[in-house]
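Trainee: test case, fold it:
(2 chains)
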2 protein chains.
Amino acid sequence: MKEISNLIAYRPDVKVVDATMRDGGLVNDFHFTDEFVKALYLANLRAGVDYMEFGYKASREMFDDSKFGKWKFCKDEHIREIVGENATDLKLAVMADVGRCEKSDIIDRADSSIDLIRVATYVNTIPGAVAMIEDAAKKGYEVSCNIMAISNVREGELKAALDILGRTPADVLYIVDSYGAMYPEQIARFVDMYMEVAVKYGKKVGIHAHNNQQLAFANTIEAVGDGADWLDATYASMGRGAGNCAMELLLGFLRNPKYNVYPAIRFVDTHMNRLKEAGVVWGYDLQYLMTGLLNQHPRAAIQFTKEKRNDYTEFYREVVAQD
Amino acid sequence: MKEISNLIAYRPDVKVVDATMRDGGLVNDFHFTDEFVKALYLANLRAGVDYMEFGYKASREMFDDSKFGKWKFCKDEHIREIVGENATDLKLAVMADVGRCEKSDIIDRADSSIDLIRVATYVNTIPGAVAMIEDAAKKGYEVSCNIMAISNVREGELKAALDILGRTPADVLYIVDSYGAMYPEQIARFVDMYMEVAVKYGKKVGIHAHNNQQLAFANTIEAVGDGADWLDATYASMGRGAGNCAMELLLGFLRNPKYNVYPAIRFVDTHMNRLKEAGVVWGYDLQYLMTGLLNQHPRAAIQFTKEKRNDYTEFYREVVAQD
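Mentor: From the prediction side, this is the model:
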């Protein structure tokens, strides 16, 4: 059991990362209005959020930029149109997927308003991740590495991957529960495994949770209690499928007085609820429970949602049959 | 950290209690159709649920029975119309609130299809609870005692209450997070405190959680990991305000092969979603997050919901001002 003083006080090293536009962008193909993005930036500033992730640095060779909003590509000039010189304490991040981005799209940090490159990788593309981490670090960025879908990875391979990443310049190693399949007890074990590497190599540990079983927030506060410092959240849980840890829940939990829940509630009230009313659909529902429970990729559940199906029982039969 | 073998195996003593009609009845004033109740009974049988709570044994002197559905009063003949002789492994329960029921409405168990009387009390009505527990036990029932709203109770008083209850014939002592205010770490501490009394007096410990901060399921699985055996859940989380731990999540988590999640999913698909479509409103939303975070009774949030207000920011100002 954790020390009760740790629940009353706080750990100054904790960082909150707003991933609304990046993970939420997967829901609406990154079609956020500039008004929304500016309001989100201001909400993050007022709420005391540490990092704001604008979206992906996706390859325009692989993705048709007429089919997506601009935040799938996060050109430096587009970010600058929102934040100006960003003379604030809020740092800016983008995600770069191994195999789906071009190193040449990442310019030197000195010429960019971006502070943090978040390298996302599967366990079978670690060498590609290492190359991207080294490139981003050389260009002057803070770097995190998000190992996705670890609920399906064998322990030995994950340990080997962590040891390789420990020897890179990455600052933060992220636990990513892509399928929303993990229970807090399992998160505790993953944090233990990551912390061993983090302590050895001087890294931080982060957590990115999904809400398939209504555990994104619970898993996030389990992780922070176990020593993870970097916490991803999204306003109103907006994110792929069942969404993520809700920013408004997380800020209510954290005890550091630099965080304020009120601007988060106001932003959800004003902007996120408007997105929902406009028909953008995300968040916990039975179909995501099912894929989470079965530790499956949520793609079938997302398709079910897109087709506006509501035959949940039939869907359960389908996903169990595919299992 | 709990033993990994405990996560893979299961504890045979665990009991799942379906509280859909009792806590959910607070949402629709107990107006469930007989068709719904019969389908719920069958779903519980198929899902392997251990106890089904039909509603309250409320005093007809205090409550006008023309204003409520029959499950606020749970007459024995009404239960029998649903279950017949109930020659099944599913046991039947009702809740009796201290100060809001008549002992004379509880007939001898030999003449009733009810197996379990759940005595609900606040910490300041423990002597009344003791009298009801003794009465129900004398009549032959299994008895649990649910101490409500413990997030607002001083530790010394709660310990004194538990020690008094330990000396009654109650079989189960319940942790009840009425305000949805507690985090898993706090649940762990409460289970510890309850377990000490339970071991001393040969009782079991139960958990009844609310979902104001999307933690009802997380708090329930935290409690079972710490030693609580009796777990309340409701289909689709139906319950007062933000609702409860979802049955379909809990059955997916439990490893005992007697439990089946498929009938639970089918029941939610067919019956709970129909209630929602008919306009019955419950479940996690911002207003419940706020009262949970502030450790307040959810009545203001329920009123906000009933009035179909959506000015969440203004509501936050109101509840903070009242805090």
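Trainee: for the stretch 151-300 of chain A, give the residue positioned nearest to chain B.
Mentor: A:Ala218 (3.2 Å; CB to the nearest CB). Glycine gets a C-beta too; all of them are placed from N, C-alpha and C.
Trainee: with just CA atoms, put the helix or strand harbouring that residue into CSV.
Mentor: Element membership for A:Ala218 (DSSP states H and E) is helix A:216-226. C-alpha atoms of helix A:216-226 as CSV (Å, rounded to 0.1, in the frame of the first residue of the first chain):
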residue,chain,number,x,y,z
ALA,A,216,-8.2,4.8,-18.4
PHE,A,217,-8.4,7.2,-15.4
ALA,A,218,-7.9,4.4,-12.8
ASN,A,219,-4.9,3.0,-14.7
THR,A,220,-3.4,6.4,-15.0
ILE,A,221,-3.7,7.1,-11.2
GLU,A,222,-2.4,3.6,-10.5
ALA,A,223,0.6,4.3,-12.7
VAL,A,224,1.4,7.7,-11.1
GLY,A,225,1.1,6.0,-7.6
ASP,A,226,3.7,3.5,-8.8
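Trainee: mean confidence for that helix?
Mentor: Averaged over helix A:216-226, pLDDT sits at 97.
Trainee: check stretch A:128-139 too.
Mentor: Average pLDDT, stretch A:128-139: 98.
Trainee: how far out from the middle of the chain is it?
Mentor: Chain-centre distance of stretch A:128-139: 19 Å, with CA atoms, centre = their mean, to the nearest Å.
Trainee: got the contact list for the helix holding A:Ala218?
Mentor: Residues outside helix A:216-226 that contact it (CB atoms under 8 Å, 6 or more residues apart in numbering or on different chains) are A:2, A:6, A:11, A:14, A:175, A:177, A:180, A:182-184, A:187-188, A:191-192, A:195, A:205, A:207, A:209-211, A:231-233, A:237, A:242-246, A:249-250, A:253, B:183-185, B:213-215, B:217-218.
Trainee: restricted to helices, list the residues you listed.
Mentor: Per DSSP state H, helices hold the following members of the contacts of helix A:216-226: A:6, A:184, A:187-188, A:191-192, A:195, A:249-250, A:253, B:184-185, B:217-218.
Trainee: among those, name the buried ones.
Mentor: In those, burial by neighbour count holds for A:Pro184, A:Ile187, A:Ala188, A:Val191, A:Met195, A:Leu249, A:Leu250, A:Phe253, B:Pro184, B:Glu185, B:Phe217, B:Ala218, counting by 16 or more other CB atoms under 10 Å in any protein chain shown.
Trainee: so what's the second one scoring on pLDDT?
Mentor: This means A:Ile187. 97.
Trainee: which residues touch it?
Mentor: By CB under 8 Å, 6+ apart, the contact list for A:Ile187 reads A:Ile175, A:Asp177, A:Ile207, A:Ala209, A:Asn219, A:Glu222, A:Ala223, A:Asp226.
Trainee: save these as CSV, and put in neighbour count too.
Mentor: Converted to CSV, the contacts of A:Ile187 look like this (neighbours: other CB atoms under 10 Å in any protein chain shown):
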residue, neighbour count
A:Ile175, 25
A:Asp177, 29
A:Ile207, 28
A:Ala209, 28
A:Asn219, 30
A:Glu222, 28
A:Ala223, 27
A:Asp226, 20
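Trainee: and those residues, which is closest to A:Ala160?
Mentor: Within those, the smallest distance to A:Ala160 is 16.1 Å, found for A:Ile175 (CB to CB).
Trainee: how far away is that closest one from B:Arg317?
Mentor: 37 Å (CB to CB, to the nearest Å).
Trainee: swap in A:Ala96?
Mentor: Separation of A:Ala96 from B:Arg317 (CB to CB) stands at 41 Å.
Trainee: between the two, which is the more surrounded one?
Mentor: Counted by other CB atoms under 10 Å in any protein chain shown, A:Ala96 and B:Arg317 do not tie: A:Ala96 has more neighbours, with 26 against 14.
Trainee: so what's the more buried one bridging to?
Mentor: For A:Ala96, the beta-bridge partners are A:Val119 (DSSP bridges).
Trainee: verify the stated contact: it with A:Gly55.
Mentor: No - if you go by CB atoms under 8 Å, A:Ala96 and A:Gly55 don't touch, sitting 10.6 Å apart.
Trainee: okay, how far is it across stretch A:302-314, tip to tip?
Mentor: Distance between the two ends of stretch A:302-314: 15 Å, counting by CA to CA, to the nearest Å.
Trainee: so does that stretch get close to chain B?
Mentor: Yes - residues of stretch A:302-314 contacting chain B under CB under 8 Å from any CB of the partner chain: A:Asn310, A:Asp311, A:Tyr312, A:Thr313.
Trainee: contacting residues for the second one?
Mentor: Taking CB under 8 Å, 6+ apart as the criterion, A:Asp311 is in contact with B:Asp269.
Trainee: that one and A:Tyr122, how far apart?
Mentor: A:Asp311 is 32 Å from A:Tyr122, by CB to CB.
Trainee: same deal with A:Leu215?
Mentor: Distance from A:Leu215 to A:Tyr122, counting by CB to CB: 22 Å.
Trainee: cool, and A:Lys67?
Mentor: 24 Å.
Trainee: ok, A:Val14 next?
Mentor: The value you get for A:Val14 to A:Tyr122, if CB to CB is used, is 27 Å.
Trainee: rewinding a little: tell me which two of the buried ones among the ones in helices among the contacts of helix A:216-226 sit farthest apart.
Mentor: So, those by CB to CB: farthest apart are A:Met195 and B:Phe217, at 25.7 Å.
Trainee: got the domain boundaries for chain A?
Mentor: Taking automatic domain parsing as the domain assignment, the ranges for chain A are A:4-277, A:286-322.
Trainee: pick the most buried one from those.
Mentor: domain A:4-277 (a mean of 20; mean count of other CB atoms under 10 Å in any protein chain shown).
Trainee: straight-line length of that domain, end to end?
Mentor: So domain A:4-277: terminal residues 41 Å apart, CA to CA.
Trainee: try stretch A:230-249
Mentor: 16 Å.
Trainee: kindly report the same for stretch A:257-274.
Mentor: 29 Å.
Trainee: and that stretch, how far out from the chain middle?
Mentor: On CA atoms, centre = their mean, the centre of stretch A:257-274 falls 18 Å from that of its chain.
Trainee: average pLDDT across that stretch?
Mentor: What stretch A:257-274 shows for mean pLDDT is 97.
Trainee: hmm, A:Ile133 is touching A:Asn146, no?
Mentor: No - with contact defined as CB under 8 Å, A:Ile133 and A:Asn146 do not form a contacting pair (11.1 Å).
Trainee: what is in contact with those two at once?
Mentor: Common neighbours of A:Ile133 and A:Asn146, using CB under 8 Å, 6+ apart, are A:Val119.
Trainee: low-scoring stretches of chain A, by residue?
Mentor: Within chain A, no stretch has pLDDT under 70.
Trainee: quick one, strands of it?
Mentor: Ranges of strands in chain A, per DSSP state E, are A:15-18, A:51-56, A:91-97, A:116-121, A:142-147, A:172-176, A:204-208, A:230-233.
Trainee: run me through the strand neighbours of the last one, direction for each.
Mentor: Strand A:230-233 has the following strand partners under DSSP bridges: strand A:15-18 (parallel), strand A:204-208 (parallel).
Trainee: need the contact partners of the first one.
Mentor: Among residues not part of strand A:15-18, those counted as contacts by CB under 8 Å, 6+ apart are A:40, A:44, A:48-53, A:93, A:204, A:206, A:229-235, A:247, A:250-251, A:254, A:259.
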